[in-house]
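>>> need coordinates for the following:
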Amino acid sequence: MKTTRLAAGILSSMIFLTMMSGCLKTDNEKDEKESAVQEQSVRTEQSAQTEQSADNENSEVSGQSETPDVKSHTLYVRDGSKNNSITAVFVNTYSGKTEETEMKRTEEAEDHYTFSCEGDASAYNMVYLKYGEEKSLNLSFNEYVSGWYISEYGILPYTEGKEPSYEPEYTTKVFQFDGYDKNVYIWTPKDYDANSAEKYSTIYMLDGQNVLSVDIQNYLDQGVWNVAEHAESMMALSDNKTIIVAIDNPESTRCNELVPDIGKMTNGGKIVDMMNNVHYSTQRGTVFADFVCDTVMPYVQENYNVSKDPLDNAIAGGSLAGLESFYISVEHPDKFGFAGALSPSFWAFDDKTWMEYLTPRLKSGSHPFIYMYSGGDPDNGVFTPIMYQGLLQYGYPKDKLIYSRYEDGLHYPWFWRNMYPEFLKAMFTHEIEPLQDADYSGLAKKMAEKVSKPLSETSKPAESSAPEAYYYDDGNRDPENKNNYLYFDNSETKWEKVWVYWWNSKFSPITNKLTGELYPANVDGNKQDLSSSWPGIEMERIGDTDIYRAVMPVGAEKVVFNTGVKDDDVRNGAEAYQSADIIFDPSSNAGQVYKIDASQEPKSGRGVEKTKFKYAGGEWSAYNG
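This next block holds a predicted model:
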């Protein structure tokens, strides 16, 4: 759920900025070491000499022990691609230290192989996998992670010994909030016991429409967190018991519901969503928090076998939902003893507003445990370390705060899915051993200095052309060469117009194959965003045929064909049709035509998106002209 990361020039002040400039005691030498530590976190292969240097440097910065107790944990990988070998590279995202291990093949089934290896969960908090020509994103690694599944839909959570399933059953309860229906999805594990003496913990998830997978065909386009599957993995490896309550915050209302009324927002409350739609928040987050505490929570506690102890109740979310989760836990520590704020939108308020709100609450003595996560700068990674260090500076107990940073992490749900097991680890143990001595004071100071600079010093104009690496040179830039295009067959769908939308997960440039220029895209400050603006660009009809084409978007990883209807029009009742998210490879899909399987009825969306219909199936084939 992407929001605009406000440009530094707009933010004349930021969370605890004055305090950061005057109070943080970090000399230049230490700043240089902190920068080196952060740079190392994005390196994936290092020599033993480099690793030792990183260890020594981190010890100087934070006093981290060089010989921590080893906590050996077995990691399993179910491989649907049946690779000959898989290498696991364990990573400490703070120090940058890595350890590479060749995994052992333990099972050869008809449709998959299983690999396993041991890793030190006291030293490493993440792992990435190398197989064939592929390298995965960083994935959580701790004693609550049974394993990961390399599937045709991406890398998903996996519990060793259980057949993978990504369609969890849940109950939907509809409440009234602000005069409209509010869906709440309640998931219980398969062995849930309504009469057991031991009560279950409850995890309340905001943006509930994105956290439970309900249709594997739509897995990618839903941006699902797979929280149920992660919880099952944790419960298989521990005595923890939990249910999950996912509260819907659809795109049409989330910018209102997930921003609390604690003061005037920066930038006049303007928020731009991932489809490039502009919203102005009415800041109903305070009322929404009361709804969660006074309506949803009592219902759950009356109808399910759950604990009422605040320590057994957590609330979590990403982006604006991370901001609101932070707010709800601080505002209602008698209800929630734990919060997960992933890539939280702390930029929403300036330093003065935050200080006026937080100061009396910091003095109250009631401090929920807070787990914060962010990726690098584009993923609210500027603001999160400032808030983390500011809370510590103002007396928040250090043993009730964790900040985890994955420098390559971007502002998308699949990154939060990969981090969710670390949130679970923090919730149930209140520690992440590999990060226990992390010191982010130097990073926080640098981020505070960054947002205090004028816009001209912090941003550069977007490049007019992509790096050479993003060109696909087939030796023919003739517009009539079919390999310069992707195609859509409209013979069965019979849409009046055909549009195509694309994006990638790496913040890489997406370029027009014929010209080499950047395709029109969202631009935020000095970076090109992942995607074209929804609904993308209109495709060109070829003569009187049912075939439409668009110039190949080099660098795209996924595409969606659609009827070109904007989401604001959908909310006003306009009908819209689209494909599911389609995995896209510019090299193999060049010159191919995609045809939706119209024999399967499209599914309508929920709530305000009930007039948006999505086809689940379809396939690429060669285009013969």
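>>> longest helix in the protein, please.
Identified as the longest helix of the chain according to DSSP state H is helix 413-429.
>>> pull that helix out as PDB, backbone CA atoms only.
C-alpha atoms of helix 413-429 as PDB (Å, rounded to 0.1, in the frame of the first residue of the first chain):
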ATOM      1  CA  PRO A 413       3.300  -6.000   0.500                       C
ATOM      2  CA  TRP A 414       5.500  -8.900  -0.600                       C
ATOM      3  CA  PHE A 415       8.400  -7.400   1.300                       C
ATOM      4  CA  TRP A 416       6.200  -7.200   4.400                       C
ATOM      5  CA  ARG A 417       5.200 -10.800   3.800                       C
ATOM      6  CA  ASN A 418       8.900 -11.800   3.900                       C
ATOM      7  CA  MET A 419       9.400  -9.900   7.100                       C
ATOM      8  CA  TYR A 420       6.200 -11.100   8.900                       C
ATOM      9  CA  PRO A 421       7.900 -14.100  10.700                       C
ATOM     10  CA  GLU A 422      10.300 -11.600  12.300                       C
ATOM     11  CA  PHE A 423       7.300  -9.600  13.500                       C
ATOM     12  CA  LEU A 424       6.000 -12.900  15.000                       C
ATOM     13  CA  LYS A 425       9.300 -13.600  16.600                       C
ATOM     14  CA  ALA A 426       9.400 -10.100  18.200                       C
ATOM     15  CA  MET A 427       5.800 -10.400  19.400                       C
ATOM     16  CA  PHE A 428       6.200 -13.700  21.200                       C
ATOM     17  CA  THR A 429       9.800 -13.400  22.500                       C
END
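>>> quick check: next helix or strand after that helix?
Sequence order places helix 441-452 as the next helix or strand after helix 413-429, per DSSP states H and E.
>>> buried stuff in that following helix?
Of all the residues in helix 441-452, those buried under the rule 16 or more other CB atoms under 10 Å are 441, 442, 443, 444, 445, 446, 447, 448, 450, 451, 452. In this view, the C-beta of every residue, glycine as well, is placed from N, C-alpha and C.
>>> please state the offset of it from the chain centre?
On the basis of CA atoms, centre = their mean, to the nearest Å, helix 441-452 sits 23 Å off its chain's mean C-alpha point.
>>> just to revisit the earlier point, pLDDT on the longest helix of the chain, on average?
Helix 413-429 shows a mean pLDDT of 95.
>>> chain center to that helix: distance?
The mean C-alpha position of helix 413-429 is separated from the chain mean by 11 Å, CA atoms, centre = their mean.
>>> likewise for stretch 233-242?
For stretch 233-242, the distance to the chain centre is 23 Å (CA atoms, centre = their mean).
>>> can you offset everything so residue one is 3?
In the new numbering, first residue 3, that becomes stretch 235-244.
>>> in it, what counts as buried?
By neighbour count on 16+ other CB under 10 Å, the buried set for stretch 235-244 is 235, 236, 237, 239, 243, 244.
>>> again, but for stretch 615-622
615, 616, 617, 618, 620, 622.
>>> now the strands: where do they sit in the stretch 103-252 of the chain?
Along the stretch 103-252 of the chain, counting by DSSP state E, counting those that start in this stretch, strands occupy 106-110, 115-122, 128-133, 136-137, 141-142, 149-153, 156-160, 172-179, 182-189, 203-207, 244-249.
>>> a markdown table for those strands, including mean pLDDT?
Output for the strands of the stretch 103-252 of the chain, formatted as a markdown table (pLDDT from 0 to 100):
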| stretch | mean pLDDT |
| --- | --- |
| strand 106-110 | 97 |
| strand 115-122 | 98 |
| strand 128-133 | 97 |
| strand 136-137 | 88 |
| strand 141-142 | 98 |
| strand 149-153 | 95 |
| strand 156-160 | 91 |
| strand 172-179 | 96 |
| strand 182-189 | 95 |
| strand 203-207 | 98 |
| strand 244-249 | 97 |
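>>> of those strands, which is nearest residue 332?
Closest of the strands of the stretch 103-252 of the chain to residue 332 is strand 203-207, at 14.9 Å (criterion: CB to CB).
>>> return the item of the buried residues of helix 443-454 having minimum pLDDT.
Among those, residue 454 has the lowest pLDDT, at 69.
>>> report the secondary structure state of the closest residue to residue 538 other than its chain neighbours.
Distance criterion CB to CB, 6 or more residues apart in numbering; nearest residue to residue 538, sequence neighbours excluded, is residue 503 at 3.2 Å. When classified by DSSP: H, G, I helix; E, B strand; the rest coil, residue 503 comes out as strand.
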